[in-house]
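Chemist: pasting the structure only:
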């Protein structure tokens, strides 16, 4: 059974920072590209950032230069450091274990999802 549990969401003012964490159980973490997606009210789920098995990172254009993704294989955790937050970043953020060997940006190619953590950025 694969479990992904997010933490670290909350309310922050525009310009502030938050650090999201994803704790993974099962062997999926060491054998899958991992990433973060988000879903704002009334909008579709969208890709935010991904980390490949080789250590490469991929980011959505909207977060490049502000967000940073990392993963710790020893602890089976993944983090998303979010800086210079904007009201447009408000969404539920989901940890994702992806299918295949490379980072994917489509939610349809995700094998496992966490339950999500809410990030609320006030103006």
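Modeler: Sure, I can see it. Bear in mind the structure is a predicted one, so any value in this text is a computation, not a measurement.

Chemist: when you work out contacts or count neighbours from here on, use the C-alpha atoms and nothing else.
Modeler: Noted.

Chemist: all strands for the protein, in order.
Modeler: Taking DSSP state E as the criterion, the chain carries its strands at 3-7, 10-13, 18-25, 34-39, 46-51, 57-59, 67-72, 77-82, 91-98, 110-113, 117-122.

Chemist: the second one pairs with which strands, and in what direction?
Modeler: Spelled out, it's strand 10-13. Looking at strand 10-13 with DSSP bridges, its partner strands are strand 117-122 (parallel).

Chemist: in the lowest-mean-pLDDT helix or strand in the chain, what counts as buried?
Modeler: Every helix and strand in the chain was compared by mean pLDDT, DSSP states H and E; the lowest is helix 28-31, with a mean of 78. Buried residues in helix 28-31, defined by neighbour count with 16 or more other Cα atoms under 10 Å: 28-30.

Chemist: what is the nearest of those residues to residue 78?
Modeler: Top of the list for closeness to residue 78, among the buried residues of helix 28-31 and by Cα to Cα, is residue 29 at 9.1 Å.

Chemist: excluding its backbone neighbours, what's nearest the closest one?
Modeler: With Cα to Cα, 6 or more residues apart in numbering as the measure, residue 76 is the residue that lies nearest to residue 29, at 6.4 Å, once sequence neighbours are left out.
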